[in-house]
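Peer 1: I need the structure of the sequence given here:
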Amino acid sequence: MALRMSLSAHSVLESWTHMVPLTLFIILAAFPYVRAGISTRSGLAAAIPAWKASSFLLGLVLVWIAWGSPLAAYDHSLLTVHMIKHLLLMTFAPPLILLGEPMKVFWGMTPLLARRILGRVWGRPLVQRLARTGTSLVLCWTASALTLIAWHVPALFALGVRSEIGHTVEQAMFFGTGLLFWWPVIQPWPSVPTWPRWSILIYLFLATVPCDILSAFLVFCDRVVYAVYLSTPTHFGTSALQDQQCAGALMWTCVTIIYLLAAAIIATRLLSVRSIERNELMQLDLPATAAPHTSQRSAEVA
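Peer 2: Purely as a prediction, here's the structure:
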């Protein structure tokens, strides 16, 4: 027991030491954002509300928890912890970061000469086509689904556990495809949507399919899928199979709730827009319908 505790403490300390550069990077990324988004001297304070700055900072905190905190030390011991990290990097942190409009903030901090050069490059038709293709619904969904499925294939999963480089690549792909997946949903600056907004509802529904399949397999499988967890010591009195079932249930619950919440917000906004348009049309039709009554009354008076 003492040996297991010492090994766990050593792994926590080792993970903390390795993730110090990530912690410093997150601090450096947060500092200019706070300065640009909240400080009244920046001129962007009106364009970037405090809630967007808070959203961005919370997203960075979640990335740090998943990638740089002592929690990462238990990734190789508990599949549930691995699933928590996966959810933080793909499902929770990316939308919060994109809601903070980071591109808009950092663009405002860019020197004028650099902005002119980048603006000319961005305005080229080839760059515009590449941007539209790179953020299309099909590509974003496919990249996210393939990343999710590929890194949970037992062979690749074992590589991510046993290899430091493989583990880093895995986490980076989770986070990168998470940003890519949520980009068409959030539509941060400077994105220009080329698809109907209602199609995002179908996009979110289809995104639950690979997650549901994977989580159901982990929950209802009667054997441990990832043999690497058979050789690790048990934690919190749970077996490897119970840990696997917990991880699958956690994934299914969190993904379903977050995607349903996003779909509900989008659907509400779509209905609100239609209601406003309907009221405007009724107001435009009102003078036309009132005109005959007015003329009739004038005739009666005469």
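Peer 1: which element is Val192 on?
Peer 2: If you go by DSSP states H and E, Val192 is not part of any helix or strand.
Peer 1: burial count for it?
Peer 2: Val192: 10 surrounding residues under other C-beta atoms under 10 Å. Any C-beta I mention is one placed from the backbone N, CA and C, and that applies to glycine too.
Peer 1: please name the residues that touch Val63.
Peer 2: 26, 88-89, 93, 97, 175 (C-beta atoms under 8 Å, 6 or more residues apart in numbering).
Peer 1: which stretches of the stretch 1-150 of the chain aren't confidently modelled?
Peer 2: For the stretch 1-150 of the chain, applying pLDDT under 70 flags the ranges 1-18, 32-34, 36-48.
Peer 1: same deal with the stretch 151-300 of the chain?
Peer 2: Within the stretch 151-300 of the chain, the stretches with pLDDT under 70 are 233-236, 275, 277-282, 285-300.
Peer 1: which residues in it form strands?
Peer 2: Remark: strands of the stretch 151-300 of the chain are absent; assignment by DSSP state E, counting those that start in this stretch.
Peer 1: for the chain, just list every one of the helices.
Peer 2: Secondary structure of the chain (DSSP state H): helices located at 2-18, 20-37, 50-67, 79-87, 93-99, 102-109, 112-122, 125-134, 137-150, 154-162, 164-186, 199-220, 240-301.
Peer 1: can you lay out the ones you listed as a markdown table showing distance to Val228?
Peer 2: Formatted as a markdown table, these follow (distance: least, C-beta to C-beta, whole Å):
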| stretch | distance to Val228 |
| --- | --- |
| helix 2-18 | 14 |
| helix 20-37 | 24 |
| helix 50-67 | 19 |
| helix 79-87 | 9 |
| helix 93-99 | 25 |
| helix 102-109 | 36 |
| helix 112-122 | 45 |
| helix 125-134 | 34 |
| helix 137-150 | 17 |
| helix 154-162 | 5 |
| helix 164-186 | 12 |
| helix 199-220 | 14 |
| helix 240-301 | 9 |
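Peer 1: for Val192, which of these is the nearest?
Peer 2: helix 125-134 (8.1 Å; C-beta to C-beta).
Peer 1: chain center to the closest one, what's the gap?
Peer 2: Put simply, helix 125-134 sits 22 Å off its chain's centre (C-alpha atoms, centre = their mean, to the nearest Å).
Peer 1: between that helix and helix 164-186, how many degrees?
Peer 2: Here helix 125-134 points in a direction 100 degrees away from that of helix 164-186 (axes from the mean of the first three to the mean of the last three C-alpha atoms, to 10 degrees).
Peer 1: what is helix 125-134 packed up against?
Peer 2: Here helix 125-134 touches helix 112-122, going by 3 or more C-beta pairs under 8 Å, 6 or more residues apart in numbering; DSSP states H and E.
Peer 1: centroid residue for this structure?
Peer 2: Pro94 (2.8 Å; C-alpha atoms, centre = their mean).
Peer 1: what about Leu71, how many residues nearby?
Peer 2: Other residues close to Leu71 by other C-beta under 10 Å number 17.
Peer 1: contact partners for it?
Peer 2: Counting by C-beta under 8 Å, 6+ apart, Leu71 touches 65, 81, 84-85.
Peer 1: export those residues as TSV, with columns for distance to Ile202 and neighbour count.
Peer 2: Converted to TSV, these look like this (distance: C-beta to C-beta, whole Å; neighbours: other C-beta atoms under 10 Å):
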residue	distance to Ile202	neighbour count
Ile65	32	18
Val81	33	19
Ile84	28	21
Lys85	29	22
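Peer 1: what sits against Thr208?
Peer 2: Here Thr208 is in contact with 255-256, 259 (criterion: C-beta under 8 Å, 6+ apart).
Peer 1: please tell me which one of those counts the most neighbours.
Peer 2: Going by other C-beta under 10 Å, Val255 tops these with 21 neighbours.
Peer 1: so that residue makes contact with Met83?
Peer 2: No. Applying C-beta atoms under 8 Å as the test, Val255 and Met83 come out as separate, 10.4 Å apart.
Peer 1: buried set for stretch 215-228?
Peer 2: 215, 218-219, 224-226, 228 (16 or more other C-beta atoms under 10 Å).
Peer 1: can you check stretch 52-69 too?
Peer 2: Counting neighbours by 16+ other C-beta under 10 Å, stretch 52-69 gives 52-69 as buried.
Peer 1: do the same with stretch 132-139
Peer 2: Buried residues in stretch 132-139 (16+ other C-beta under 10 Å): 135, 137.
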